[in-house]
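1. curious how this folds, go ahead:
(one chain, ligands or ions: 1)
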Amino acid sequence: MTFTEELATFCKKKGFMYPSSEIYGGLAGFYDYGHLGTRLKHNFENIWRKYFLSLNDNFHEIETANIMPRDVFKASGHLEKFADPVVNCSACGFKERADHFVERFLKKRVEGLTSEELTKEINKNKLFCPTCKSELEPVRSFNMMFPVQLGVAHKIYPKSVPALLTKSEEEQKNIAYLRPETAQSPYVNFKLQYELLRKRMPLGLALIGRAYRNEISPRNVTLRLREFIQAELQIFFNEAKINDHPLFEMVKEYKLRTVLIEDRERTKTVERTAQSLVQKGLPKYYVYHLVKIQQFYLEILKIPSEKFRFYQLNELERAFYNKYHFDFEVELQEHSFTEVGGLHYRTDHDLEGHQRVSQESMEVLDEETGKKFVPHVLELSFGVDRNVYALLDVNYENNKERGNIILHLPSGLTPFFCGIFPLVKNKPEIAAKAEEIYNDLKQQFSCLYDEAGSVGRRYARADEIGVEYEITIDFASLEDNSVTIRDRETTKQVRVKITQLSGLLQKLFAGKGFEDLGEKII
Ligand code: GAP
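-> A predicted model of the protein is given here:
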């Protein structure tokens, strides 16, 4: 069994995530989150909100519709350009995204090559269908948006409906699209929100929501889905101020883990200060946000630094709307460094497009100069499902010594921070005390109550789903009003008074260890 299969089995068995509609055989590219996965996903989303919305007091969250009119994607360029190259077998129906197919066989990155260039690579390297060995058809381009028909289809309209539009015009009017990125929603909301929020710049509009792409080859659990969740922050700002950020001085010596285009040959991560990236020509406003993103991964999500990097994309690879584009990547056990998000400088590409197509002005006034301008956009884009998968992958350990799996998820992320275990089930006084503690603690922390099986089994079960501290109420608790707290990471324990329990857990939640509590470690 591969590691990905092992993790996928674990995720299903424990209730993190599993293929959707499985009783009907499932549907490729669609996943559901179970009771633990939903907690983990919500924790990630809440931490993301708290962190990124607090970067500026003019950053706000909105929630919007997932289906949008055709013109939105005409303006954004998705109708024309949001396409992937696909390679087809001439005989057996095999299909794969052509750049992934070529990368799989030639072991080199070819993202961004045109369909013609990919066809040439396939022919030059004599690649055939991996399933039936037949010849492959020339690579073609495939638009990944999902159209949806709104309302009743044209052809069943009664004849009496006045024929103001041609049939194809009418049908086009009824076609809308499931958004392929959440970003377009803040763009179409921009002007109204700007006015509602007292016309201040920069303005940040964050959105956590679903996006839909008709991926050619969905795969690897939730890493490539057809319906997925993005957490994106769109920062609208004055282009004239791109070479500054009021807080840049505070982060200029911070070391960023980067693979620049110039490092490609070595494919080694190089630590560079924020200041040195500015000297290489990147704007301060952009680099400041690289720092904030890296700090989010290392300090909040606790991803080990060696498993995190920024990967700079070249002209061919970056998305059609981007001027600067760094992906941020986490190293996974089987998939090496994997994109979990991107920092995109989208210029005025989107707002200009919406101004042109909607005929609504997107201009705002610069109060200092009295000049009008269309704001530029810096986009911080995160795939929620990929991040949740990465958190599980990085924190999953099959610990041979303890004989069970341990999920090393940090406090704010793990589905349950603490577990309450009455030592024995059949002693009502112990159960009553345990319930009292549980009812009290669950007001402040995510708590699990477990009274089934031996305490050893309960510890193992708790380790497997990431419970960070287990609290056991035993016979002595009835005498001395104390309980033991066990640390998932070390299995060490401390004995503490029940009256102090909540305060001590708060310290542990804030990142302190047993050694900071002043209690004897047993
Ligand atoms: N608004 C910009 C945008 O959508 P993107 O690089 O296409 O940029 C952003 O997507 C993030 O969304 C990716 O870094 C990834 O984490 C996630 N994502 C994209 N396609 C995905 C898919 N098919 N399945 C799961 N996550 C996906």
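
2. hang on, Glu45 packs against Phe382?
-> No - using Cβ atoms under 8 Å, Glu45 is not in contact with Phe382, being 9.6 Å away. C-beta coordinates here come from the backbone N, C-alpha and C atoms, glycine included.

3. joint contacts of the two?
-> Applying Cβ atoms under 8 Å, 6 or more residues apart in numbering, one finds that Glu45 and Phe382 are jointly contacted by Ala231.

4. so for these two, which residue has more residues nearby?
-> Phe382 (22 against 17; other Cβ atoms under 10 Å).

5. show me the contacts for the more buried one.
-> Trp48, Gln230, Ala231, Glu232, Val340, Gly341.

6. with Arg402 instead?
-> Residues in contact with Arg402 (Cβ under 8 Å, 6+ apart) are Ala460, Asp463, Thr491.

7. how near is the last one to Lys400?
-> Okay, so that is Thr491. Separation of Thr491 from Lys400 (Cβ to Cβ, to the nearest Å): 15 Å.

8. settle it for me: which of the two has more neighbours?
-> It is Thr491, of Thr491 and Lys400, that has more neighbours when counted by other Cβ under 10 Å, with 12 against 7.

9. how far away is the more buried one from the ligand?
-> 35 Å (Cβ to the nearest ligand atom, to the nearest Å).

10. and the residue nearest to Leu407 when sequence neighbours are not counted, what are its phi and psi?
-> Leaving aside its chain neighbours, Leu407 sits nearest to Gly466 (3.6 Å; criterion: Cβ to Cβ, 6 or more residues apart in numbering). Backbone geometry at Gly466, expressed as degrees, to the nearest 10, gives phi 90, psi 10.

11. show me the protein divided up by domain.
-> Domain assignment for the chain by automatic domain parsing gives 3-82+180-393, 83-141, 416-516.

12. looking at these, which is closest to Ile522?
-> domain 416-516 (5.0 Å; Cβ to Cβ).

13. first-to-last residue distance for that closest one?
-> End-to-end distance for domain 416-516: 22 Å, by Cα to Cα, to the nearest Å.

14. average model confidence for it?
-> Averaged across domain 416-516, the pLDDT comes to 96.

15. strands of the stretch 251-400 of the chain, start to end?
-> Here the stretch 251-400 of the chain has its strands, by DSSP state E, counting those that start in this stretch, at 255-259, 270-273, 308-312, 324-332, 336-347, 364-365, 372-373, 376-383, 396-399.

16. any chance of the ones you listed in a markdown table, plus distance to the ligand and mean pLDDT?
-> Shown next, in a markdown table, are these (distance: least, Cβ to the nearest ligand atom, whole Å; pLDDT from 0 to 100):
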| stretch | distance to the ligand | mean pLDDT |
| --- | --- | --- |
| strand 255-259 | 16 | 98 |
| strand 270-273 | 22 | 97 |
| strand 308-312 | 11 | 98 |
| strand 324-332 | 6 | 98 |
| strand 336-347 | 5 | 97 |
| strand 364-365 | 22 | 96 |
| strand 372-373 | 22 | 96 |
| strand 376-383 | 2 | 98 |
| strand 396-399 | 19 | 97 |
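
17. export the ones you listed as JSON lines, with columns for distance to Arg486.
-> Formatted as JSON lines, the strands of the stretch 251-400 of the chain follow (distance: least, Cβ to Cβ, whole Å):
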{"stretch": "strand 255-259", "distance to Arg486": "34"}
{"stretch": "strand 270-273", "distance to Arg486": "37"}
{"stretch": "strand 308-312", "distance to Arg486": "30"}
{"stretch": "strand 324-332", "distance to Arg486": "29"}
{"stretch": "strand 336-347", "distance to Arg486": "32"}
{"stretch": "strand 364-365", "distance to Arg486": "56"}
{"stretch": "strand 372-373", "distance to Arg486": "59"}
{"stretch": "strand 376-383", "distance to Arg486": "33"}
{"stretch": "strand 396-399", "distance to Arg486": "15"}
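
18. which of those strands sits closest to Lys241?
-> strand 376-383 (9.4 Å).

19. CA atoms only for the closest one, dumped as PDB, please.
-> What follows is strand 376-383, C-alpha atoms only, in PDB (Å, rounded to 0.1, in the frame of the first residue of the first chain):
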ATOM      1  CA  HIS A 376      -4.600  46.800  -8.600                       C
ATOM      2  CA  VAL A 377      -5.100  43.500  -6.800                       C
ATOM      3  CA  LEU A 378      -2.800  41.400  -4.700                       C
ATOM      4  CA  GLU A 379      -4.400  38.000  -4.200                       C
ATOM      5  CA  LEU A 380      -3.500  35.600  -1.400                       C
ATOM      6  CA  SER A 381      -5.000  32.400  -2.600                       C
ATOM      7  CA  PHE A 382      -5.200  29.200  -0.500                       C
ATOM      8  CA  GLY A 383      -6.800  25.800  -1.300                       C
END
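
20. now it and strand 324-332, what's the angle there?
-> Computed by axes from the mean of the first three to the mean of the last three Cα atoms, to 10 degrees, the angle separating strand 376-383 from strand 324-332 equals 10 degrees.

21. partner strands of strand 376-383 and their direction?
-> With DSSP bridges as the test, strand 376-383 is paired with strand 227-237 (antiparallel), strand 336-347 (antiparallel).

22. in a markdown table: these, plus mean neighbour count and distance to Asp450.
-> Output for these, formatted as a markdown table (neighbours: other Cβ atoms under 10 Å; distance: least, Cβ to Cβ, whole Å):
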| stretch | mean neighbour count | distance to Asp450 |
| --- | --- | --- |
| strand 227-237 | 22 | 30 |
| strand 336-347 | 20 | 32 |
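
23. now those in TSV, with distance to Asp244?
-> What follows is those, written out as TSV (distance: least, Cβ to Cβ, whole Å):
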stretch	distance to Asp244
strand 227-237	10
strand 336-347	15
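
24. now do the buried residues in stretch 308-320.
-> Buried residues in stretch 308-320, counted by 16 or more other Cβ atoms under 10 Å: Phe308, Arg309, Phe310, Tyr311, Gln312, Leu313, Glu317, Arg318, Ala319.

25. oh sorry, the question was meant for stretch 70-83
-> Arg70, Val72, Phe73, Ala75, Ser76, His78, Leu79, Phe82, Ala83.

26. same deal with stretch 126-146?
-> Leu127, Cys129, Leu136, Glu137, Val139, Phe142, Asn143, Met144, Met145, Phe146.

27. ok, now stretch 201-212?
-> Buried, per 16+ other Cβ under 10 Å, within stretch 201-212: Met201, Pro202, Leu203, Gly204, Leu205, Ala206, Leu207, Ile208, Gly209, Ala211, Tyr212.

28. closest one of those to the ligand?
-> Ala211 (6.6 Å; Cβ to the nearest ligand atom).

29. out of the buried residues of stretch 126-146, list just those in helices.
-> Of the buried residues of stretch 126-146, none are assigned to helices by DSSP state H.

30. burial count for Lys442?
-> Lys442 - counted by other Cβ under 10 Å - has 14 other residues nearby.

31. and for the one 5 residues further on?
-> For Cys447, the neighbour count with other Cβ under 10 Å is 21.

32. run through the bridge partners of it.
-> Bridge pairing for Cys447 - DSSP bridges - gives Cys418.

33. tell me the spacing between it and the ligand.
-> Relative to the ligand, and taking Cβ to the nearest ligand atom, Cys447 is found at 31 Å.

34. what does this protein put close to the ligand?
-> Contact residues (Cβ under 6 Å from any ligand atom) of the chain with the ligand: 181, 183, 213, 215, 224-225, 228, 230, 232, 339-342, 344, 379, 381, 383, 385-386.

35. again, 5 Å this time
-> For the chain, the residues in contact with the ligand (Cβ under 5 Å from any ligand atom) are Glu181, Ala183, Glu215, Arg224, Leu225, Phe228, Glu339, Gly341, Gly342, Ser381, Gly383, Arg386.

36. just those now: which is nearest Phe416?
-> Arg386 (23.2 Å).

37. nearest spatial neighbour of that closest one, skipping sequence neighbours?
-> In space, Arg386 is closest to Val340, 4.7 Å off (Cβ to Cβ, 6+ apart).

38. so how far is stretch 381-401 off the chain centroid?
-> Stretch 381-401 has its C-alpha centroid displaced from the chain centroid by 11 Å (Cα atoms, centre = their mean, to the nearest Å).

39. thanks again, I'm all set now.
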